[in-house]
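Colleague: Attaching a predicted model along with its sequence, questions to come.
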Amino acid sequence: MDPSLIIFLILTSLVIVITLIILFIISLDSDLTLYFAEKFGKSISGLKGKVVWITGASSGIGESLTYLLAKNGCKLIISATTKDRLDNVRLNCISEGVPEKDILALVFDMKDFKVHSEMVEKAIKTFGRIDVLVNNAGRSQRASFNEIDVSVDEELYKINTLGPVNLTRLVLKHWEQTDSAGAIAVVTSVAGKLGAPFSASYTASKHALHVQLNREFWKMLILDKLVKLLDGNIQRK
Ligand SMILES: NC(=O)c1ccc[n+]([C@@H]2O[C@H](COP(=O)([O-])OP(=O)(O)OC[C@H]3O[C@@H](n4cnc5c(N)ncnc54)[C@H](OP(=O)(O)O)[C@@H]3O)[C@@H](O)[C@H]2O)c1
């Protein structure tokens, strides 16, 4: 065969393979980790009996996740600001078979940092522990950069960044005080990695959330491994 034809065929095949890989990654919402976790990770049924707190559970992703976890036998703490919608989600879970004692609705605003510790205490008083905190509550925003009032920036940072950070700290402190552990999940956004047009406040708040929690968790993970490596009896501090 003509060598130039061979080169042409190889290059064409390469272009096709690379295009397919790119399309595949795009179809996964650019999240390979999630794809592999879904394929090869632990099954959701392993969460049966776990106490899971979902913030922003009155609609959207949080509401859907609540029903999924309810079906899989979790004890649920659901929170948001709109009491009627949250009550509705709670009643839907109960009508799907979740015992009333296994679901607690907490109505509070993520911006109201002062009430966070009271909410954590209520959750612990009800279930004795928190196994998983899903920081999902969030608000979006769209406007040209120069049209945004600073009060919008402030509100978005409080809801999307400082609220989850503060709540996470309180739960981590509880685990530390009770020598227990659990998992923290954070719902961010591609906007928090790549940015999005006409969403400066939202994009910045999600970037900040990534930086503040990601770095800290990596540090904890590495410290944990180091501590285990050096001496299994040393407590993580
Ligand atoms: N949908 C998407 O395409 C998408 C894409 C990327 C990332 N996300 C992220 O996914 C998460 C959920 O979004 P979603 O699309 O499901 O939106 P959604 O339907 O608007 O739900 C947002 C939830 O957050 C709660 N919330 C908002 N402000 C709050 C506050 N100040 N205090 C307490 N709770 C508050 C809302 O409840 P109340 O209104 O009752 O307070 C609601 O339950 C957000 O963090 C969002 O940034 C979504």
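Modeller: Perfect, I can see it now.

Colleague: who's the residue most central in space within the chain bridged to?
Modeller: Geometric centre of the chain, nearest residue: residue 186, 2.0 Å, by CA atoms, centre = their mean. Per DSSP bridges, the residues bridged to residue 186 are residue 135.

Colleague: In terms of pLDDT, where does it sit?
Modeller: pLDDT, residue 186: 89.

Colleague: Repeat that for residue 219.
Modeller: 69.

Colleague: per-residue pLDDT, residue 193?
Modeller: Looking at residue 193, its pLDDT is 82.

Colleague: again with residue 54
Modeller: Looking at residue 54, its pLDDT reads 98.

Colleague: Go ahead and confirm residue 96 touches residue 73.
Modeller: No. Counting by CB atoms under 8 Å, residue 96 does not reach residue 73; the two are 11.3 Å apart. (C-beta placed from N, C-alpha, C; glycine too.)

Colleague: The spatially closest residue to residue 72 that is not a sequence neighbour and residue 73: what is the separation?
Modeller: Among residues not flanking residue 72 along the chain, residue 44 sits closest, at 5.2 Å (CB to CB, 6 or more residues apart in numbering). To residue 73, residue 44 is 10 Å away according to CB to CB, to the nearest Å.

Colleague: Equivalent analysis for residue 79, please.
Modeller: Distance from residue 79 to residue 73, by CB to CB: 20 Å.

Colleague: before we move on, back to that, what residues do residue 96 and residue 73 have in common as contacts?
Modeller: Here residue 96 and residue 73 have no joint contacts, going by CB atoms under 8 Å, 6 or more residues apart in numbering.

Colleague: which one of the two has more residues nearby?
Modeller: residue 73 (15 against 10; other CB atoms under 10 Å).

Colleague: That one - nearest residue in space that isn't next to it in sequence?
Modeller: Looking at residue 73 with CB to CB, 6+ apart, the closest residue is residue 48, at 3.8 Å.

Colleague: Quickly check: stretch 200-219 near the ligand or not.
Modeller: No. For stretch 200-219, no contact with the ligand is found by CB under 6 Å from any ligand atom; the gap never falls below 6.6 Å.

Colleague: ok, and what's touching that stretch?
Modeller: Stretch 200-219 is contacted from outside by 138-143, 145, 148, 152-153, 155-157, 159-161, 164-165, 168, 184, 186, 188-189, 191-193, 195-196, using CB under 8 Å, 6+ apart.
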